[in-house]
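K.L.:
Here is a sequence together with a model predicted from it:
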Amino acid sequence: MPLLINNKETEQLLDMTACMDVLEAAFKEEGLGWATNRTKSNISVPTDDPNLWYRYCSMEGGIKSLGVVAIRIKTDMYSWPFLHGRRREIKYCGAPGNFCGLILLFSTKNGEPLALLNDGYIQHMRVAATAGLAARYMARQESTVLGILGSGGMARTHALAYALVRPLVRIKVYSPNPQHRNEFAKEMSKTLGVDVVPMENPESAVKGSDIVAVCTDAVGPALSGTHLEPGMHLTTVRETELAEDAYPCISRFVEYRAGICEQHYATPESHRPPSLGGSTEEWRRLVELIPSNRRHTLSAVLLGRAKGREDDRETNLFSSEGSGVQFAAVAWKIYEKARNRGLGRDLPLEWFLQDVRD
């Protein structure tokens, strides 16, 4: 019978090491042609409130060796208020504080549904695990200082991932909300056993850091090229977080994505939301400022076909975007563990099957 697996159960079943391991194997398979994605796709629909939009997001992927295909879907209401001096992307489902993201996992051996999972915990883990895999190959071996812009769930899981691949001794965090950055510092210092310091401004969080992770909900740049230093390894969660002036400073670029995000609108071309969500052709043109022989896919780096770093003075950048392969791999790992440990709730298979042919 298919399993219904919630976020609390997922947290019991998946740690960062396991997440990184299953994703590394999946990315290698993808690079060899044994896994595939359908490009991330958004549908944006305006509401009667000009400041509120609806967005549906989906992505699918399949992996031969695991015998699974997954689709991840999100359904959210979006607005873009100014908070703490910047325009930010705020979302919810039904009411503020609630969110709806689901993963449907299917067997490629008999076509049956295997599991229905909440995506919240998985979302934070798979983004950070992917960034951690990249840092294993792209950050300098002696990297000990991590600078983070942002103090939410993404910032927390990124800190966990980087601590697994480099000997961190200090983390500097900046959030425009003093309470948030202080809480992050207290929590992550206890979790990781390293010195975590809240900073008063983004410049001080970035300066002198070996690794810099930008994990914000800001619409627009959060990191400028003037802040970059030789030898830094950078990661952004959102493509817009890095200012245009930073791209000419990048020595090497590595990415993981299934292509430029497809955008669909229930509006004419003259009417678009303030922020689209996902990568764009305009962003791709910025990436192309980096020499083509220094732009690689993460799969190529993991397979040894390309280098993540060639010398200690390189300032390199990793960028990723959600893919179905990520969700298929992680959902499969959770499903297998849930079956073995008796977690999750069984759903009757007959709820999903029918005797009417399409």
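P.N.:
Thanks, I have it.
K.L.:
give the contact list for the closest residue to residue 159 other than its chain neighbours.
P.N.:
With C-beta to C-beta, 6 or more residues apart in numbering as the criterion, residue 159 has its nearest non-adjacent residue at 5.4 Å, and that residue is residue 188. Where you see a C-beta, it was placed from the backbone N, CA and C, and this is true even at glycine. Going by C-beta atoms under 8 Å, 6 or more residues apart in numbering, residue 188 touches 156, 159, 171, 173, 196.
K.L.:
what residues go with each domain of this structure?
P.N.:
Annotated domains of the chain cover 3-122+324-351, 128-320 [automatic domain parsing].
K.L.:
out of those domains, nearest to residue 358?
P.N.:
domain 3-122+324-351 (12.7 Å; C-beta to C-beta).
K.L.:
coming back round to it: want to throw the domains of the chain into a markdown table with mean pLDDT and distance to residue 358?
P.N.:
Shown next, in a markdown table, are the domains of the chain (pLDDT from 0 to 100; distance: least, C-beta to C-beta, whole Å):
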| stretch | mean pLDDT | distance to residue 358 |
| --- | --- | --- |
| domain 3-122+324-351 | 96 | 13 |
| domain 128-320 | 95 | 24 |
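K.L.:
For residue 215, see how far away the residue most central in space within the chain is.
P.N.:
With distances taken as C-alpha atoms, centre = their mean, residue 127 lies nearest the centre of the chain, 2.9 Å away. Using C-beta to C-beta, to the nearest Å, we find residue 127 at a distance of 9 Å from residue 215.
K.L.:
intersection of neighbour lists for the two?
P.N.:
By C-beta under 8 Å, 6+ apart, the residues touching both residue 127 and residue 215 are 154, 158, 237.
K.L.:
out of those, who's nearest residue 19?
P.N.:
residue 158 (12.4 Å).
K.L.:
Run a quick neighbour tally on the closest one.
P.N.:
27 (other C-beta atoms under 10 Å).
K.L.:
how about it, what does it touch?
P.N.:
127, 128, 131, 132, 148, 213, 215, 235.
K.L.:
a helix runs through it, doesn't it?
P.N.:
Yes: counting by DSSP: H, G, I helix; E, B strand; the rest coil, residue 158 is located in a helix.
K.L.:
Quick check: it vs residue 211, distance?
P.N.:
Distance from residue 158 to residue 211, by C-beta to C-beta: 9 Å.
K.L.:
again, but for residue 245
P.N.:
21 Å.
K.L.:
Tell me which of those two has more neighbours.
P.N.:
residue 211 (25 against 13).
K.L.:
Test my guess that that one contacts residue 146.
P.N.:
Yes: between residue 211 and residue 146 there is a contact at 4.8 Å, judged by C-beta atoms under 8 Å.
K.L.:
Now the common contact residues for those two.
P.N.:
With C-beta under 8 Å, 6+ apart as the test, residue 211 and residue 146 both reach 162, 166.
K.L.:
that older thread, in CSV: the shared contacts of residue 127 and residue 215, plus distance to residue 207.
P.N.:
CSV is the format used below for the shared contacts of residue 127 and residue 215 (distance: C-beta to C-beta, whole Å):
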residue, distance to residue 207
154, 22
158, 19
237, 21
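K.L.:
Could you single out the nearest of these to residue 346?
P.N.:
Distances from residue 346 to those, taken by C-beta to C-beta, are shortest for residue 154, at 32.2 Å.
K.L.:
Tell me who's in contact with the closest one.
P.N.:
124, 127, 128, 215, 237.
K.L.:
Now do the SS call for it.
P.N.:
Under three-state DSSP, residue 154 comes out as helix.
K.L.:
ok, it to residue 320 distance?
P.N.:
Counting by C-beta to C-beta - residue 154 and residue 320 are separated by 12 Å.
K.L.:
need the next SSE after the helix or strand hosting residue 263, C-terminal direction.
P.N.:
Counting by DSSP states H and E, the element that carries residue 263 is strand 262-265. Going down the chain from strand 262-265, the next helix or strand is helix 281-287, by DSSP H and E.
K.L.:
Can you give me the buried ones in that following helix?
P.N.:
283, 286, 287 (16 or more other C-beta atoms under 10 Å).
K.L.:
joint contacts of residue 154 and residue 320?
P.N.:
In contact with both residue 154 and residue 320: residue 127, using C-beta under 8 Å, 6+ apart.
K.L.:
How many residues are close by the nearest residue to residue 128 once chain neighbours are set aside?
P.N.:
Once flanking residues are discounted, residue 128 sits nearest to residue 157: 3.5 Å by C-beta to C-beta, 6+ apart. Counted with other C-beta under 10 Å, the neighbours of residue 157 add up to 23.
K.L.:
Verify the stated contact: residue 157 with residue 126.
P.N.:
No: Residue 157 is beyond contact range of residue 126, at 9.1 Å (criterion: C-beta under 8 Å).
K.L.:
Am I right that residue 111 sits in a helix?
P.N.:
No: the assignment for residue 111, made by three-state DSSP, is coil rather than a helix.
K.L.:
can you pull the buried residues of the helix or strand hosting residue 329?
P.N.:
Here residue 329 sits within helix 324-341, counting by DSSP H and E. Of the residues in helix 324-341, 324-335, 337-338 count as buried by neighbour count, 16+ other C-beta under 10 Å.
K.L.:
Good, we can wrap up now.
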